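Engineer: Sequence and predicted model, in that order:
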Amino acid sequence: MHTRRSSPVSPDPSPTGHGRQRNRRSSPWRTRTAGAFLAAAAMIVSACTSGGSTGSANPGRPAAEAALAALPQATPAALAPYYGQRLTWRGCGAPGFQCATMRAPLDYAKPEAGSIRLAVARKKATEQRERLGSLLVNPGGPGGSAVGYLQQYAGMGYPAGVRARYDMVAVDPRGVAHSEPVKCLGGRAMDKYTQTDFTPDDAKETDELVVAYKRFAEGCGADAPGVLRHLSTAEAARDMDILRAALGDERLTYVGASYGTFLGATYAGLFPNRVGRLVLDGAMDPSLPARRMNLDQTAGFETAFRAFARDCVRQQDCPLGTKAADVGKNLNAFFKKLDAKPIPTGDTDGRALGESLATTGVIAAMYDEGAWAQLRDALSAAMKENDGAGLLALSDSYYERDGDGRYTNLMFANAAVNCLDLPAAFATPDDVRKALPAFEKASPVFGEGLAWATLNCAYWPVAPTGEPRRIEAKGAAPIVVVGTTRDPATPYRWAKALSRQLSSARLLTYEGDGHTAYGRGSACIDRTINAYLLRGTPPTRDKRC
């Protein structure tokens, strides 16, 4: 299952794996963070921790109708040492940034049994006399490095007025990047995994896919079996409250994109009285089970692809035909050719472009319309010149693979959080086959691959601890939920659903393409969110830009 990132892709990632590309809509400060495609299979909308501290659903009610229960306002005595800790800041990375290590209980049900170390970074407000507090940012994933996002982009590129009034802060969630990262496969093994045929044609290919999923899961389990049980979103949200206290803030101010909206909404549900100014951009719907969420997202990618198709046929260099109705069929035909015979890429590690890598490359470009020209070039080279380098570069940027064949831990953390947060959509290959018609109806282009991608968590070494929950956050201050009408990864209907669940939500709609909206070229969106962050003025209900 795709979760996600905040915006465009780039074929030339920086040393930490985050590429930047300017385009007609994305501003210089807005870049992609990674999410996951074929490695992720469950969705990210659980609200339970392994310790059960968030409350449980009434067994007589469907899980999706149960609401996440708020935690007691008083801090338990066992957590006092964590809430009372003082962060020791040191210089790190670029000038002006500081880093620290924060401790949080590994298991909130047994806080005395051991801790986990979390990486924190900040850049102080440029106008300290007018400082409003700390602004925590999270770019999504799950698995995207918030620290990397802060140091490379948000801390330098967020609107100057915001950076003047807030200390910009980030914490890598548990298991991610610099916070005791989960690792599942080495570079070569990961290369092999990403080239697995994720649209099996027969029993042999199905067995190979299942083996690939099992090896991936076994690698994660072997790396950190104890930590793997405590990487849920609810636990990460509780970590954010410890960070809030350590920073000296009475309330949390936060901007979260994509999966970061689920993390932020979970925080609001657990700590409604500590909600400050929350922006949830590219929103998730936490009340849906995994299969429904995967199906919705499959339809979301189809919506984005149709927008790409309409744009493509208006360009002179569109390699997929002259009629929008033919673009999908022509792309599927190309995928089938690659399935039968991959094409060369010039890759120093000998990787050829098969159907799986090509599909990932196309998916990557759906996140931002600014990447559509790059996708047309890549498809033209592959289809007309038998050169798969462009699509491979797009795929590598998606997986966060650098030129030396090294992967960040994005894919590993993504699966670890997803598979813990919600029961898998499917338990067996037969379950997937029965669901294929629904997925292919949702997306004739991507449906088959996205259906099989949901099977990953069936083989996960740790049982899920979460379930679908409504998040109401009764008593919270106004929360801004942002949705983009043709968002591929977080369909607009999810933003509407979350805004209906959160008792104090204000829905802000961007009518356009791409994943997330803040800082991507819409003056209306940026002006509205900046006013909320700086003056506490939320938008009028159901404002559209």
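Structural biologist: Looks like it came in fine. What you see is a predicted model, and the numbers here were worked out from it, not measured in a lab. Numbers count the residues shown, from 1 in each chain.

Engineer: Please name every helix or strand in contact with the worst-scoring helix or strand of the chain on mean pLDDT.
Structural biologist: The weakest-scoring helix or strand in the chain, judged by mean pLDDT, DSSP states H and E, is helix 155-157 (a mean of 92). Here helix 155-157 touches strand 115-123, going by 3 or more C-beta pairs under 8 Å, 6 or more residues apart in numbering; DSSP states H and E. Bear in mind the C-beta positions are built from the backbone N, C-alpha and C, glycine included.

Engineer: rerun at 10 Å
Structural biologist: In terms of contacts (3 or more C-beta pairs under 10 Å, 6 or more residues apart in numbering; DSSP states H and E), helix 155-157 is packed against strand 115-123, helix 160-165, strand 166-171.

Engineer: tell me which residues in the second one are buried?
Structural biologist: Translated: helix 160-165. Along helix 160-165, the positions that meet the burial threshold by neighbour count (16 or more other C-beta atoms under 10 Å) are Val162, Arg163, Arg165.

Engineer: Give me the residues contacting that helix.
Structural biologist: Here helix 160-165 makes contact (C-beta atoms under 10 Å, 6 or more residues apart in numbering) with 29, 123-128, 130-133, 135, 154-157, 168, 255, 519, 526, 529-531, 533-535.

Engineer: Buried members of those into PyMOL, please.
Structural biologist: Buried residues within the contacts of helix 160-165, as defined by 16+ other C-beta under 10 Å, are selected in PyMOL through the command that follows:
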select buried, resi 29+123+124+125+126+132+133+135+154+155+156+157+168+255+519+526+529+530+533+534
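
Engineer: Which stretches in the stretch 51-200 of the chain count as strands?
Structural biologist: In order along the chain, the stretch 51-200 of the chain carries the following strands (DSSP state E, counting those that start in this stretch): 90-91, 97-105, 115-123, 133-138, 166-171.

Engineer: same deal with the chain?
Structural biologist: Assigned by DSSP state E, the chain shows strands spanning 90-91, 97-105, 115-123, 133-138, 166-171, 252-257, 275-281, 479-486, 505-513, 543-544.

Engineer: picking that back up, so which of the helices and strands packed on helix 155-157 gets nearest Lys183?
Structural biologist: Distances from Lys183 to each of the helices and strands packed on helix 155-157 were compared using C-beta to C-beta; the shortest belongs to strand 115-123, at 15.4 Å.

Engineer: Just the CA atoms from that closest one would do, formatted as PDB, please.
Structural biologist: Output of strand 115-123 as PDB, limited to C-alpha atoms (Å, rounded to 0.1, in the frame of the first residue of the first chain):
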ATOM      1  CA  SER A 115      13.400   3.000  26.700                       C
ATOM      2  CA  ILE A 116      13.900   3.800  23.100                       C
ATOM      3  CA  ARG A 117      16.100   6.700  21.900                       C
ATOM      4  CA  LEU A 118      14.600   9.200  19.500                       C
ATOM      5  CA  ALA A 119      16.500  11.700  17.300                       C
ATOM      6  CA  VAL A 120      15.300  15.300  17.600                       C
ATOM      7  CA  ALA A 121      16.400  18.300  15.700                       C
ATOM      8  CA  ARG A 122      15.500  22.000  15.700                       C
ATOM      9  CA  LYS A 123      16.200  25.400  14.200                       C
END
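
Engineer: Quick one: list the elements packing against that strand.
Structural biologist: Partner elements for strand 115-123 (3+ C-beta pairs under 10 Å, 6+ apart): strand 97-105, strand 133-138, helix 146-149, helix 155-157, strand 166-171, helix 233-247.

Engineer: Wait, Lys384 touches Pro319, no?
Structural biologist: Yes: counting by C-beta atoms under 10 Å, a contact exists between Lys384 and Pro319, whose distance comes to 6.4 Å.

Engineer: ok, back up a step: redo the helices and strands packed on strand 115-123 as JSON lines? Include distance to Leu270.
Structural biologist: Conversion of the helices and strands packed on strand 115-123 to JSON lines gives the following (distance: least, C-beta to C-beta, whole Å):
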{"stretch": "strand 97-105", "distance to Leu270": "14"}
{"stretch": "strand 133-138", "distance to Leu270": "15"}
{"stretch": "helix 146-149", "distance to Leu270": "19"}
{"stretch": "helix 155-157", "distance to Leu270": "27"}
{"stretch": "strand 166-171", "distance to Leu270": "16"}
{"stretch": "helix 233-247", "distance to Leu270": "6"}
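
Engineer: Mind checking these for the one nearest to Leu420?
Structural biologist: The minimum distance between Leu420 and the helices and strands packed on strand 115-123 falls on helix 233-247, with 8.3 Å, by C-beta to C-beta.

Engineer: So for that closest one, what gets flagged as buried?
Structural biologist: Of the residues in helix 233-247, those buried by neighbour count under the rule 16+ other C-beta under 10 Å are 233-247.

Engineer: Could you do stretch 415-432 as well?
Structural biologist: 415-426, 429, 431-432.

Engineer: just curious, which of these is nearest to Gln98?
Structural biologist: Of all the buried residues of stretch 415-432, Gln98 sits closest to Val417, with 26.8 Å by C-beta to C-beta.

Engineer: Quick check: Gly260 vs Leu150, distance?
Structural biologist: For Gly260, the distance to Leu150 under the criterion C-beta to C-beta, to the nearest Å works out to 12 Å.

Engineer: so what sits against both of those two?
Structural biologist: Residues touching both Gly260 and Leu150 (C-beta under 10 Å, 6+ apart) are Leu136, Val137, Asn138, Pro139.

Engineer: Of those residues, select the buried ones using a PyMOL command.
Structural biologist: Provided next is the PyMOL selection string for whichever of the shared contacts of Gly260 and Leu150 are buried by 16+ other C-beta under 10 Å:
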select buried, resi 136+137+138+139
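
Engineer: what's the farthest-apart pair in the shared contacts of Gly260 and Leu150?
Structural biologist: The largest separation in those, counting by C-beta to C-beta, is between Leu136 and Pro139 at 11.5 Å.

Engineer: Mind listing the shared neighbours of these two?
Structural biologist: With contacts taken as C-beta under 10 Å, 6+ apart, Leu136 and Pro139 have Ala146, Leu150, Ala170, Val255, Gly256, Gly260 as neighbours in common.
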